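S.K.: Sequence and predicted structure, then a few things I'm wondering about:
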Amino acid sequence: GVYTVTNRMVAANSGLIHLKDSGKLQINRLMDGNGNLMGRLGISPADEPAVVTVDDDAEIQFESGISTMVYICNNHPGLKGVLNWNSSKTLAAIGTLAVGFSNGEGVLNVTRGTVQGGSYGLRIAQTSSSPVAKATARGIANVSGGRLLNANSWQNTSTVQGLVVGAGVPAVLADPGFMHGTLNVSGGAVTNMQGGAGYFAVGVGYARGEVMQTGGSIANAHETYPTVIGAFGGTGEWVVSNGVSSSVCDVYLGGITTNDMPNQPTELYKVARIDAACATGTLAVVDGTFAAGKAIIAGRDGAAKIEVGPKGSLTAASAVGVGMQAWGRCIGNHIHHGSGCGVVMWSVWSELASNELDHVMQKARDGGGLYGGQAYCRIHDNYVHDMWWPGLYNDEGGRDSIYYNNRFENCGWPIHMHATRRNVVSNNVFKSKGAMHLSFQGSGDCRFVDNKLYGPASMTNAVVVTKYVPNCAEWARNEVFDLQKDGS
C-alpha cells in the first residue's frame, strides 16, 4: 500500500518507521514560507535515536517537480538519526541528502539498491553554507552493497558542494564548531557522477573527513571537479585496504587554493588563508588500487602524506606533485612508465623518501624523475633507474636541500642542479654502464661528497662532470669504481 504525507515526514521521539514488502511512502509537495515547493524526509530525533528502515522492494518517493530534501538528523545537537536502506529501489533526493547536517549525528547504512543526492549534494557531516551559530555534527555512511551516488550538484560560490565527507566553516565564525564525517565502504559502489558542479571533498574547513575502504569501489567520475582530501584547515584521510578507488579529475591532497577550484568558492573561503597551512591530507593504499586520471597534487596548501603498502597500487596519468607549498611527504611509492615527470615538487620543508622512480619522461622534453624547486627538503632512500632525463632535478630557486642514501642505476643524467644554492648531495650510489652527467648549472655553494660511483673502465670518460662542477663548493671523498668485464 501507499502512505502519503504532505511536505515532510518526520520520525521523532524515539520514532521508528519500517517499510517492507512492496510498501511505499509518498511525500507530496507543499509551498514553504519562501514560496518554494518542498518535500522533505526529516529523520529528526528528540530524546532518543530516530530510525527509518526500508527493506525488500519498499520505497520512498517524492512528488515530481519539487525540491526534495532528506535530512538524517538535522540541527539536533547531541541526538541521532538513522536511515537503513536495504531495498531494491532508489531513494533519490533532488535537492540535499544530508547525513548529520549542522548539528547532531546521522547514520546512513546502504546494503542494496541506490541512495542518491541531488542538486545540493550528498553531505556527510557538513554545516550550512551560511552559518549563524556554532555547529557540530557527526555523519557516518556505511556502504556494504548497492550504490551511493551524488548527481548533478549545482554550482555554489559560497561552499564546497558535491559528495562531501566532513566540511565545516573556515575562519568565518569565532567559534565555528566542528564537522566529522566518515564514509566506510566494504562493498557496493560509491560514485560522484559527471554532471553539475560536484567535488569529492574529504575534510574541508573546520572538519575531519575519513574514507575507509575495505572493499567495493569508490569513484569521482567528474571530469572537471577534483577530489580534495584535506583543505582550508581541515583534515582528510583516505585509506584503501581493499577494493578500487579512482578519480577522473585531479586529486588534491593536503590543500587546494580557490584558484584551483572550478567555481572558486570565495565567499566562504576568502579569509581561509589564515588556516590554510593547517590543512592535512593522507592517502594510504595498503592493499587494492587508487588510480588518478590526471595528477596527484600533494601539499598544495598544507601538509600531505602518501603511503603505499607492498600490495597496494597508486597510479596517476600525469605527475605526482608533492609539497606544492609546504610540508609535503611522498613515501614508499612506485612511480613509473610516465610520459612526463614522475614527481613534481615545488616546495619547502618537504620529504621524498623510499620511492622507486623509473621509465618516466618518455615524451616530455624538460623535467625529471623528481622535478621542481626544492627548498629545505629531504630527498633520501629512493631508487631511481632507467631514465635519460635527470633522475633528481632541483630547478631555479631551489636551495638548502639534502639528497642522501639514494641509489641510481642506468641513469644517463642522475643529478641536475639548475640555478640553486647550498644543496648537498652525499652518500648516494651511482651505477651506470655508460656515461653519467652530474651537473650544477648556474648553482653556487653546493656540495657533492662521500658518494660512490660505479661505471665502465676509464671513468674519466664515463662520468661527464662538465664545466658546471666548479659551482660546487666541495667535491670530495667520492669513491670511483671501474666496472670490469666480468661484471664485478
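M.R.: Noted; the coordinates are in hand. This is a predicted model, so every value here is computed, not measured.
S.K.: For the stretch 51-200 of the chain, which residues score under the pLDDT cut-off?
M.R.: For the stretch 51-200 of the chain, the stretches flagged by pLDDT under 70 are 64-68, 74-78, 128-134, 153-159, 170-177.
S.K.: quick one: the strands in it?
M.R.: 59-62, 67-74, 80-87, 90-92, 96-101, 104-110, 114-117, 121-126, 137-143, 147-150, 162-167, 179-185, 189-192, 199-204 (DSSP state E, counting those that start in this stretch).
S.K.: Could you pull up the residues touching the most centrally placed residue in the chain?
M.R.: Nearest to the geometric centre of the chain sits Ile229, at 3.5 Å (C-alpha atoms, centre = their mean). Counting by C-beta atoms under 8 Å, 6 or more residues apart in numbering, Ile229 touches 202-203, 209, 236-238, 251-254, 281-283. In this view, the C-beta of every residue, glycine as well, is placed from N, C-alpha and C.
S.K.: In terms of pLDDT, where does the closest residue to it other than its chain neighbours sit?
M.R.: Distance criterion C-beta to C-beta, 6 or more residues apart in numbering; nearest residue to Ile229, sequence neighbours excluded, is Gly236 at 3.7 Å. In the predicted model, Gly236 carries a pLDDT score of 94.
S.K.: Now for Gly236, how many residues are close by?
M.R.: For Gly236, the neighbour count with other C-beta atoms under 10 Å is 32.
S.K.: so how far is the strand or helix carrying it off the chain centroid?
M.R.: Gly236 belongs to strand 235-240 when elements are defined using DSSP states H and E. Between the centre of strand 235-240 and the centre of its host chain there is 7 Å, according to C-alpha atoms, centre = their mean, to the nearest Å.
S.K.: So what angle separates the directions of it and strand 199-204?
M.R.: Calculated by axes from the mean of the first three to the mean of the last three C-alpha atoms, to 10 degrees, strand 235-240 forms an angle of 120 degrees with strand 199-204.
S.K.: Direction included, what does the helix or strand just after strand 235-240 pair up with?
M.R.: Counting by DSSP H and E, the next helix or strand C-terminal to strand 235-240 is strand 244-247. The strands that strand 244-247 pairs with in its sheet are strand 217-220 (parallel), strand 280-292 (parallel) (by DSSP bridges).
S.K.: how about the longest one as PDB, C-alpha atoms only?
M.R.: Backbone C-alpha positions of strand 280-292 (Å, rounded to 0.1, in the frame of the first residue of the first chain) are rendered in PDB as follows:
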ATOM      1  CA  THR A 280      46.500  18.000   6.300                       C
ATOM      2  CA  GLY A 281      45.800  15.200   3.800                       C
ATOM      3  CA  THR A 282      46.700  11.500   4.000                       C
ATOM      4  CA  LEU A 283      46.300   8.900   1.200                       C
ATOM      5  CA  ALA A 284      47.300   5.400   2.100                       C
ATOM      6  CA  VAL A 285      46.900   2.400  -0.200                       C
ATOM      7  CA  VAL A 286      47.500  -0.600   2.000                       C
ATOM      8  CA  ASP A 287      46.100  -3.100  -0.500                       C
ATOM      9  CA  GLY A 288      43.900  -2.600  -3.600                       C
ATOM     10  CA  THR A 289      44.100   0.300  -6.000                       C
ATOM     11  CA  PHE A 290      43.900   4.100  -6.200                       C
ATOM     12  CA  ALA A 291      44.000   5.500  -9.700                       C
ATOM     13  CA  ALA A 292      44.100   9.200 -10.700                       C
END
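S.K.: so after it, what's the next helix or strand?
M.R.: Next element after strand 280-292 (DSSP H and E): strand 296-298.
S.K.: which secondary structure elements does that following strand contact?
M.R.: strand 251-253, strand 280-292, strand 303-316, strand 320-322, strand 328-331 (3 or more C-beta pairs under 8 Å, 6 or more residues apart in numbering; DSSP states H and E).
S.K.: 7 Å - rerun?
M.R.: For strand 296-298, the elements it packs on are strand 251-253, strand 303-316, strand 320-322, judged by 3 or more C-beta pairs under 7 Å, 6 or more residues apart in numbering; DSSP states H and E.
S.K.: next one: the first one to chain centre, how far?
M.R.: In terms of C-alpha atoms, centre = their mean, the centre of strand 251-253 is found 4 Å from the chain centre.
S.K.: sorry, back to before: any idea how far the residue nearest to Ile229 lies from Ala284?
M.R.: Applying C-beta to C-beta, to the nearest Å, the value for Gly236 to Ala284 is 12 Å.
S.K.: Low-confidence stretches in the stretch 251-400 of the chain?
M.R.: Judged by pLDDT under 70, the stretches of the stretch 251-400 of the chain that qualify are 263-278, 301, 318-328.
S.K.: Asp486 versus the nearest residue to Cys377 once chain neighbours are set aside, what's the distance?
M.R.: Spatial nearest neighbour of Cys377, chain neighbours left out: Ser401 (4.3 Å); criterion: C-beta to C-beta, 6+ apart. Note on Ser401: its distance to Asp486, by C-beta to C-beta, is 38 Å.
S.K.: and these two? which has more neighbours close in?
M.R.: Taking other C-beta under 10 Å, Ser401 and Asp486 do not tie; Ser401 has more neighbours (28 against 5).
S.K.: Of the contacts of Ile229, just say which sits nearest to Ser144.
M.R.: Proximity to Ser144 was ranked across the contacts of Ile229 by C-beta to C-beta; first place goes to Trp238, at 18.5 Å.
S.K.: Count residues in the vicinity of that closest one, would you?
M.R.: Neighbour tally, Trp238, other C-beta under 10 Å: 27.
S.K.: And for it, nearest residue in space, chain neighbours not counted?
M.R.: Val211 (4.4 Å).
S.K.: residue boundaries of the helices in the stretch 351-488 of the chain?
M.R.: 459-462 (DSSP state H, counting those that start in this stretch).
S.K.: For the residue nearest to Cys377, give its distance to Leu253.
M.R.: Using C-beta to C-beta, one obtains 21 Å as the distance from Ser401 to Leu253.
S.K.: repeat for Asn109
M.R.: Using C-beta to C-beta, Asn109 is found at 28 Å from Leu253.
S.K.: Compare neighbour counts for the two and give me the winner.
M.R.: Leu253 (37 against 17).
S.K.: quick one, what contacts the more buried one?
M.R.: Leu253 makes contacts with 229-230, 281, 283, 296-298, 304, 306, as judged by C-beta atoms under 7 Å, 6 or more residues apart in numbering.
S.K.: shouldn't the residue nearest to Cys377 be in contact with Gly373?
M.R.: No - with contact defined as C-beta atoms under 7 Å, Ser401 does not count as touching Gly373 (9.4 Å).
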